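**Q** Attaching a predicted model along with its sequence, questions to come.
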Amino acid sequence: MNDGELLSDPQVYRRLIGRLLYLTHTRPDITYAVHLLSQFVSMPRIPHLHAAHHLLSYIKKAPGLGLFFSSKTSLQLSCFVDSDYSSCPDTRRSITGFCTYLGTNLISWKSKKQHTVSRSSCEAEYRAMATATCELVWLAALLSSFHIDASPVFLYCDNQAAIHLASNQIFHERTKYIDVDCHFVREKLNSGFLKLFHVRSKGQLADIFTKALHSPAFSDFVFKMGLTNVHPSPS
C-alpha cells in the first residue's frame with residue numbers, strides 16, 4: 001500500500017478523491033474502491049494515482065449508470081450487512097459494509113474500516129451488525145415522521161455465529177469484548193424491531209462494500225443493487 005514514489009503535487013490526487021467521494025452518493029458500486037483510495041490522501045503515491053485513474057476509466061465506460069427508484073414497491077425496510085475480517089494489512093482492522101433497501105430501492109450504503117481490531121470473524125461481523133442496526137433505527141425514525149411504520153425491519157447476515165450470538169440471551173467470554181454492541185442489537189431484536197435472517201454468501205449483497213470482487217460477481221451485484229444505465233450503448 002505504501003510502495004512507490006510520493007506524488008510531487010498531492011493536491012491533484014486529493015482533488016480527484018474529493019470528486020469521487022461526492023460521486024459515491026449516486027454510485028454505490030465505487031464506494032469500496034473510493035474508501036480504499038481515500039486512506040492515502042495525506043501521503044499519496046504514484047500507484048495510488050494510477051489506481052484512481054483506473055477507477056475513472058471504469059466510470060467513463062458507463063457515465064449514465066445510476067440508481068433507479070421504483071414507485072411500485074413495498075415500504076419494507078431491509079438491510080444486508082457484512083464484514084471482511086482483518087482485511088487491512090497495516091492495522092488488521094476489519095471492514096464493515098452494509099446496504100439498506102426500502103422495498104426494492106437501495107437508499108443507503110456504507111463501506112468503513114472498524115474502529116478497533118476484532119479478535120474473530122464473529123466479533124467483526126457483530127460489530128458490523130451493530131453499525132447497520134444504528135442505520136436502521138435512524139431510517140425507521142425518519143420514516144415514522146412520514147407516518148410510515150417500518151417495523152419490523154429485516155437484517156440479513158451470512159455469519160451463523162453472529163446470528164446465534166445475537167439470539168443467545170446468555171453472556172459469556174466471547175461477548176465481553178463487544179458487550180455494548182451485544183446489548184444494543186439484542187435489545188432491538190427482543191423488542192421486535194429487528195428480525196435476523198441468514199443469507200448465503202453468494203447472495204450477500206453487502207460483499208461489494210467490503211472487498212474487491214471478480215468481474216462476473218461484481219456485475220451481478222451491481223445489477224441486484226438496482227443500478228441502471230440511462231444511456232445504454234447502442235446494440
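**A** Looks like it came in fine.
**Q** Please enumerate the helices of the chain.
**A** For the chain, the helices defined by DSSP state H cover 10-23, 31-37, 46-61, 121-144, 160-167, 179-190, 215-224.
**Q** counting contacts, what elements does the longest one pack onto?
**A** Using 3 or more CB pairs under 8 Å, 6 or more residues apart in numbering; DSSP states H and E as the contact definition, the elements that helix 121-144 packs against are strand 77-84, strand 95-102, strand 105-113, strand 153-157, helix 160-167, helix 179-190. Using the backbone N, CA and C atoms, a C-beta is placed for each residue, glycine as well.
**Q** Give me the distance between that helix and the centre of its chain.
**A** How far helix 121-144 lies from its chain's middle: 11 Å, per CA atoms, centre = their mean, to the nearest Å.
**Q** Give the buried residues for the worst-scoring helix or strand of the chain on mean pLDDT.
**A** None of the helices or strands of the chain scores lower by mean pLDDT, DSSP states H and E than helix 179-190, at a mean of 81. Applying a neighbour-count criterion of 16 or more other CB atoms under 10 Å, one finds 181, 182, 184, 185, 186, 188, 189 buried in helix 179-190.
**Q** can you list contacts of it?
**A** By CB atoms under 8 Å, 6 or more residues apart in numbering, the residues outside helix 179-190 that reach it are 126-127, 129-130, 133-134, 136-137, 165-167, 169, 171, 175, 194-196.
**Q** how about 7 Å then?
**A** By CB atoms under 7 Å, 6 or more residues apart in numbering, the surrounding residues in contact with helix 179-190 are 126, 127, 129, 130, 133, 166, 171, 175, 194, 196.
**Q** could I get the residues you listed as CSV with neighbour count and distance to residue 216?
**A** Listed next are those as CSV, based on neighbours: other CB atoms under 10 Å; distance: CB to CB, whole Å:
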residue, neighbour count, distance to residue 216
126, 28, 30
127, 22, 30
129, 31, 28
130, 20, 32
133, 25, 31
166, 23, 32
171, 13, 42
175, 18, 38
194, 24, 33
196, 19, 29
